[in-house]
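Student: turn this into a model:
(one chain, ligands or ions: 1)
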Amino acid sequence: MKTLIKNATVVTPSETLVTSVLTENSKIVAIDAAVQVAADEVVDAKGKHLIPGVIDDQVHFREPGLTHKEDLRHASRACAKGGVTSFLEMPNTIPNAVTVERLHEKLALASTRSLVNYGFYIGATPDNVSELQQAQRTPGIKIFIGSSTGDLLVDEQAALERIFAETTLPITAHCEDETTVRANKQEFADTQDVADHSRIRNHEAAMIATRRAIDLAKRHQHRFHVLHVSTGAETELFGDHADLITAEVCPHHLFFHVEDYARLGTRVQMNPSIKTRADNEQLWQALLDGAIQVIATDHAPHTLEEKQQAYPASPSGLPAVENSLALLLNQVNQGHCTLEQVVSWMCDAPARVWDIVDKGRIEVGYDADLVLVDLEREQTIRDADQETKSKWSPWDGETLRGWPVETWVMGQRVYRDGTFFDARQGSEIQFDHARGGYWRNP
Ligand code: DOR
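Tutor: Numbers count the residues shown, from 1 in each chain. Okay, here's the model as predicted:
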């Protein structure tokens, strides 16, 4: 099957230019192909931009075990609509993905249920080092250094030292200090005010845990990725360690701050908590400066019914995969960043951080995971229009300019302008960790 996408403004690693892209089966086979080339299908993309599919390296799709909140089918449709062609999913499903067997069960599930490409982290526990050592077919090891949704937690120093010393896969972590959070919970024991969530999971909790994890990574010279950075102060810890330590930020930590609790209540309750307007600005600056390399969503749906319980019974987390790219395209339209930067943060950098083979770029030989975006399209996010099973968005009512309109996964169209091509199937993402230093030598 050959597809020619012609007249698009194509974002390649070296330049952005109006040209054509030819795909054959799952691969990009030519850029600037002659427009007369024989193809089974020709797409005239005049006026639109073609970018690599987004790779979201932090999602919670809840299958198995929590499928009343979300499942692979709904979530991967949401991805296709949002321009996300690959996801890396977290281990706090039920049962937790903390053994090789469980990891393989999740891969098998996704192989029949996901419309887009998939990969799954293996979770760390205080005593599963041998599983972490044996695991393959995974981007890496996820540690909850502070607890969040579910019961995964590794907080004792000896256990953390062991994981960093005795495993080789890249490690990533949820960094909020458990001791600090527990002490703050005591102090706010009687609260029903969701704004106290940011006083309980405060700046200090994030800073202590991130500093601790970076110290482990440096002493053990172990590749480490900091998930969902929420404070400006943390970004000062990354500085000159980009070869060893990478970091990411989520749209909610870029665009929401504590004053939004009054408007949005528990819809903006998540872990780490939202912080101040100054933190939003510092996080944005860290992206622009390169101290943070990746944008991911931490898509973590709960039902609206669950979210509407009074704090602290309300669970933490929000859905985001179908709006993350549009939120950033809107920033491009507002002049706050370029489309090339968005491609770097959401497509290219995650591929290199996780040693993903042949993804994240529009280049000959790379996988044909492609997204056509219309930078002029204006659309309002509405709860009722959401594909996520939880059917709500914290951005409900917001109008954004710049939207994905068509998505291909491994050369197959999975979404076009409101229509899903549901019979299609994503592929297992390939990781080449042996290539080590991929991030350093792209
Ligand atoms: O708010 C969050 N929700 N943060 C996490 O780290 C986990 C997630 C979830 O799984 O609900």
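Student: and the strands in the stretch 101-250 of the chain?
Tutor: 117-120, 122-123, 141-144, 171-174, 224-226, 245-249 (DSSP state E, counting those that start in this stretch).
Student: now for the shortest one, which elements pack on it?
Tutor: With contacts taken as 3 or more Cβ pairs under 8 Å, 6 or more residues apart in numbering; DSSP states H and E, strand 122-123 sits against strand 141-144. C-beta coordinates here come from the backbone N, C-alpha and C atoms, glycine included.
Student: how far off centre is the strand it packs on?
Tutor: Once both centres are worked out by Cα atoms, centre = their mean, to the nearest Å, strand 141-144 turns out to sit 15 Å from its chain's centre.
Student: pairing partners for that strand, with directions?
Tutor: strand 122-123 (parallel), strand 171-174 (parallel) (DSSP bridges).
Student: put the alpha carbons of the longest helix along the chain into PDB.
Tutor: For the chain, the helix with the greatest residue count under DSSP state H is helix 203-220. C-alpha atoms of helix 203-220 as PDB (Å, rounded to 0.1, in the frame of the first residue of the first chain):
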ATOM      1  CA  HIS A 203       6.700  22.600  46.400                       C
ATOM      2  CA  GLU A 204       8.900  21.100  49.000                       C
ATOM      3  CA  ALA A 205       7.500  17.500  48.500                       C
ATOM      4  CA  ALA A 206       8.300  17.700  44.800                       C
ATOM      5  CA  MET A 207      11.800  19.300  45.300                       C
ATOM      6  CA  ILE A 208      12.900  16.800  48.000                       C
ATOM      7  CA  ALA A 209      12.000  13.700  45.900                       C
ATOM      8  CA  THR A 210      13.400  15.000  42.600                       C
ATOM      9  CA  ARG A 211      16.600  15.900  44.300                       C
ATOM     10  CA  ARG A 212      16.800  12.500  45.900                       C
ATOM     11  CA  ALA A 213      16.200  10.700  42.600                       C
ATOM     12  CA  ILE A 214      18.700  12.800  40.700                       C
ATOM     13  CA  ASP A 215      21.300  12.100  43.400                       C
ATOM     14  CA  LEU A 216      20.700   8.300  42.900                       C
ATOM     15  CA  ALA A 217      20.900   8.600  39.100                       C
ATOM     16  CA  LYS A 218      24.200  10.500  39.300                       C
ATOM     17  CA  ARG A 219      25.900   8.300  41.900                       C
ATOM     18  CA  HIS A 220      24.900   5.100  40.000                       C
END
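Student: returning to that earlier point: Serialize the strands of the stretch 101-250 of the chain to CSV and add fields for distance to the ligand and mean pLDDT.
Tutor: Shown next, in CSV, are the strands of the stretch 101-250 of the chain (distance: least, Cβ to the nearest ligand atom, whole Å; pLDDT from 0 to 100):
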stretch, distance to the ligand, mean pLDDT
strand 117-120, 14, 98
strand 122-123, 12, 98
strand 141-144, 7, 98
strand 171-174, 5, 98
strand 224-226, 13, 96
strand 245-249, 12, 96
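Student: and these: which comes nearest Ala159?
Tutor: Taking Cβ to Cβ, strand 141-144 is the member of the strands of the stretch 101-250 of the chain nearest to Ala159, at 9.3 Å.
Student: follow-up on the earlier one: want to try CSV for the strands paired with strand 141-144, with mean neighbour count as columns?
Tutor: Below are those laid out as CSV (neighbours: other Cβ atoms under 10 Å):
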stretch, mean neighbour count
strand 122-123, 26
strand 171-174, 26
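Student: rebuild those as a markdown table, extending it with distance to Gly426.
Tutor: Listed next are the strands paired with strand 141-144 as a markdown table, based on distance: least, Cβ to Cβ, whole Å:
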| stretch | distance to Gly426 |
| --- | --- |
| strand 122-123 | 20 |
| strand 171-174 | 22 |
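Student: for Arg377, what are phi and psi?
Tutor: phi -70, psi 130 (degrees, to the nearest 10).
Student: tell me the pLDDT of it.
Tutor: In this prediction, Arg377 carries a pLDDT score of 98.
Student: then Phe238?
Tutor: 88.
Student: same thing with Tyr438?
Tutor: Predicted confidence (pLDDT) for Tyr438: 57.
Student: in contact with Asn184, which residues?
Tutor: Applying Cβ atoms under 8 Å, 6 or more residues apart in numbering to Asn184 gives the contacts Arg199, Ile200, Arg201, Asn202, Ala205.
Student: of the residues you listed, just the buried ones, ChimeraX syntax please.
Tutor: Command for ChimeraX that selects the buried part of the contacts of Asn184, burial taken from 16 or more other Cβ atoms under 10 Å:
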select :200,201,202,205
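Student: let's have the strands of the stretch 101-250 of the chain in TSV, adding distance to Trp284.
Tutor: Shown next, in TSV, are the strands of the stretch 101-250 of the chain (distance: least, Cβ to Cβ, whole Å):
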stretch	distance to Trp284
strand 117-120	28
strand 122-123	31
strand 141-144	26
strand 171-174	22
strand 224-226	17
strand 245-249	8
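Student: so for Tyr311, which of those sits nearest?
Tutor: So among those, strand 171-174 is nearest, using Cβ to Cβ, at 20.2 Å.
Student: among the strands of the stretch 101-250 of the chain, which is nearest Gly232?
Tutor: Per Cβ to Cβ, nearest to Gly232 of the strands of the stretch 101-250 of the chain: strand 245-249, 10.6 Å.
Student: between the closest one and helix 203-220, how many degrees?
Tutor: 150 degrees (axes from the mean of the first three to the mean of the last three Cα atoms, to 10 degrees).
Student: which SSE is immediately downstream of strand 245-249?
Tutor: helix 251-255 (DSSP states H and E).
Student: could you list the low-pLDDT ranges of the stretch 101-250 of the chain?
Tutor: 240, 242 (pLDDT under 70).
Student: taking it, what residue is nearest to the ligand?
Tutor: Residue of the stretch 101-250 of the chain nearest the ligand, by Cβ to the nearest ligand atom: Thr149 (3.2 Å).
Student: packing partners of the longest helix of the chain?
Tutor: Using 3+ Cβ pairs under 8 Å, 6+ apart: helix 203-220 touches helix 157-166, strand 171-174, helix 178-187, strand 224-226, helix 232-235, strand 245-249.
Student: now the angle from the third one to helix 203-220?
Tutor: Think helix 178-187. For helix 178-187 against helix 203-220, the angle by the same axes, to 10 degrees is 170 degrees.
Student: and helix 178-187, anywhere near the ligand?
Tutor: No. Judged by Cβ under 6 Å from any ligand atom, helix 178-187 makes no contact with the ligand; its nearest approach is 12.3 Å.
Student: ok, stretch 310-328 next?
Tutor: Yes. Residues of stretch 310-328 contacting the ligand under Cβ under 6 Å from any ligand atom: Ser316, Gly317.
Student: ok, the residue of the stretch 301-442 of the chain found nearest the ligand - how many residues close by?
Tutor: Nearest residue of the stretch 301-442 of the chain to the ligand, counting by Cβ to the nearest ligand atom: Gly317, 3.1 Å away. By other Cβ atoms under 10 Å, 23 other residues sit near Gly317.
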